[in-house]
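Asks: Dropping the sequence and predicted coords here.
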Amino acid sequence: MRNETRRSMLKMSLLVPAAGFLAAKTGSAQASAATRPLYPGPVFFVKGVYQQPAEKMAEWKAQGVNTIFTMNAGADPVQWTNAAMTQGLYMVRHPAGVDEKNYSQLDRDVFDRDMSNPYLLALAMVDEPSNLKPGGKDITYEDVSATPEEVDVVARAWSVGNKPLWLNHIGVHINNVHLEKIMSDYADSPYVDWLSHDSYPIASGYDVVFDFDDYMSTHQGHAIDRLLRWSGGRPQFSFVGLSKFDGSVGRETTPAEFRVQAWSSIIHGAIGIIYFTFKFSPEFSYDATPQDLRKELKIFHAEIDEIEDILVDKQKGGRRPHVILKSVRDLNGRTDSLPYPFEASSTHTDQGDYKIILNLSAKPAEFTYEPWGLSKVAFEPYECRRGYDAAAFSRT
């Protein structure tokens with residue numbers, strides 16, 4: 001927790017200062033939950049990267065990324081926005097026309113012009129509001145950077161625009177039974193449309209998969225399930241770390257470990273994956289992605305492109321309805337789960353039920369599930385396999 005909090009505080013300082021959200025406590029409410037329905041998810045699968053400078057955008061576009069999340073520190077908003085648009089990249093960022101001392105106060109002319117930008121996918125709220133404010137000692141309503149109430153004041157003001165509001169949370173706070181009340185208060189805001197969380201187990205020295213809420217999954221899988229439950233099913237985005245951000249802890253992520261986190265996120269309902277690529281020490285870099293992961297990203301993006309129509313509701317937006325089969329160590333007669341180390345999802349289509357099956361183990365394993373006609377199908381460590389029927393899963 002100590003290392004995660006240190007990273008989170010560094011990351012927070014590069015985005016929207018919490019001071020404006022705190023000042024917004026006395027700001028004027030400009031819209032109500034009753035007059036603004038929540039936005040559905042995007043009509044494409046978001047392949048995002050966090051806070052990259054303008055000079056990196058062409059490179060990320062070539063990697064298959066389609067969205068940049070928030071501006072890097074010191075960026076000129078106009079130049080940064082124009083660079084993203086030149087590359088055809090969508091943006092999730094702080095809106096223009098906001099009073100930096102009180103974020104609930106808007107210059108409506110500037111704000112409305114920004115809302116007309118077709119590449120502005122969503123508005124980024126304060127990052128990781130449950131992080132400790134300066135001098136804070138514990139994750140309580142008194143010590144967090146921005147309380148749920150303070151987030152709502154700003155969200156209510158920004159909701160007069162025509163863009164979804166996106167809020168990112170600290171993953172280890174979501175997956176913490178002692179913080180359920182405060183984290184669920186953030187998640188069920190009537191104004192925040194899209195939610196995400198950041199969990200970087202490998203770079204932080206944690207296990208990739210763990211037992212929580214009576215089933216096994218990745219940190220991403222558990223957090224998505226909790227946020228979906230608390231928020232009433234709102235669109236979810238998942239961060240996956242590509243870099244060893246702190247030279248003193250953790251290690252680099254392998255391609256297989258990237259895959260298990262990304263596909264577990266998708267199985268549990270993510271409509272987008274966001275890459276965290278920073279390195280803080282011993283020297284700072286916006287992009288410390290190892291070369292083997294750069295190659296893996298291109299493979300992963302091509303696989304997503306092949307099944308995007310299966311995953312995404314192109315008319316309504318967001319993920320198509322799907323069934324999740326969680327991974328448990330003891331089935332004990334349960335029919336809604338799979339025996340560890342496997343988790344899976346099934347999406348109904350005109351061609352049948354499309355299955356995604358993931359081996360959560362770092363060891364080879366065999367998958368058997370009679371309802372799908374699969375018996376002793378061999379999986380490599382952390383392997384994900386996809387298809388409609390038994391023939392698609394057999395090795396030739």
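Replies: Structure received. None of the values given here were measured: they were computed from a predicted structure.

Asks: From Ala288, how far off is the closest residue to Ser281 other than its chain neighbours?
Replies: Closest residue in space to Ser281, ignoring its immediate chain neighbours: Gly247 at 4.7 Å, by Cβ to Cβ, 6 or more residues apart in numbering. Any C-beta I mention is one placed from the backbone N, CA and C, and that applies to glycine too. Going from Gly247 to Ala288 by Cβ to Cβ, to the nearest Å gives 10 Å.

Asks: which residues do those two both contact?
Replies: Both Gly247 and Ala288 are in contact with Lys279, where contact means Cβ atoms under 8 Å, 6 or more residues apart in numbering.

Asks: Next up, phi/psi of the residue nearest to Ser281, please.
Replies: Here is the backbone geometry of Gly247 (degrees, to the nearest 10): phi -70, psi -10.

Asks: cool, Ser130 as well?
Replies: Per degrees, to the nearest 10, the backbone of Ser130 is at phi -80, psi 0.

Asks: That one contacts Gly171, doesn't it?
Replies: No - counting by Cβ atoms under 8 Å, Ser130 does not reach Gly171; the two are 10.7 Å apart.

Asks: Could you pull out the buried residues of the helix or strand where Asp114 lies?
Replies: Per DSSP states H and E, Asp114 falls inside helix 108-115. For helix 108-115, a neighbour-count test (16 or more other Cβ atoms under 10 Å) marks 111-112, 114-115 as buried.

Asks: Which helix or strand lies directly C-terminal to it?
Replies: With DSSP H and E, the next secondary element past helix 108-115 is strand 120-124.

Asks: that older thread, let me have the buried residues of helix 108-115 in JSON lines, extended by pLDDT.
Replies: Below are the buried residues of helix 108-115 laid out as JSON lines (pLDDT from 0 to 100):
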{"residue": "Phe111", "pLDDT": "98"}
{"residue": "Asp112", "pLDDT": "97"}
{"residue": "Asp114", "pLDDT": "98"}
{"residue": "Met115", "pLDDT": "98"}
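
Asks: can those residues go into TSV with extra columns for distance to Ala84?
Replies: Compiled in TSV, those are given as follows (distance: Cβ to Cβ, whole Å):
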residue	distance to Ala84
Phe111	19
Asp112	20
Asp114	13
Met115	16
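
Asks: Of those, which is the nearest to Glu283?
Replies: Asp114 (34.4 Å; Cβ to Cβ).

Asks: Would you agree the closest one is in contact with Ala96?
Replies: Yes - counting by Cβ under 8 Å, Asp114 touches Ala96, with 4.0 Å between them.

Asks: quick one on the thing from earlier: quick one, the helix holding Asp114 and strand 120-124 angle?
Replies: Going by axes from the mean of the first three to the mean of the last three Cα atoms, to 10 degrees, helix 108-115 is angled at 120 degrees with respect to strand 120-124.

Asks: Helices of the stretch 151-300 of the chain, start to end?
Replies: Here the stretch 151-300 of the chain has its helices, by DSSP state H, counting those that start in this stretch, at 171-174, 180-187, 201-204, 219-231, 255-267, 291-311.
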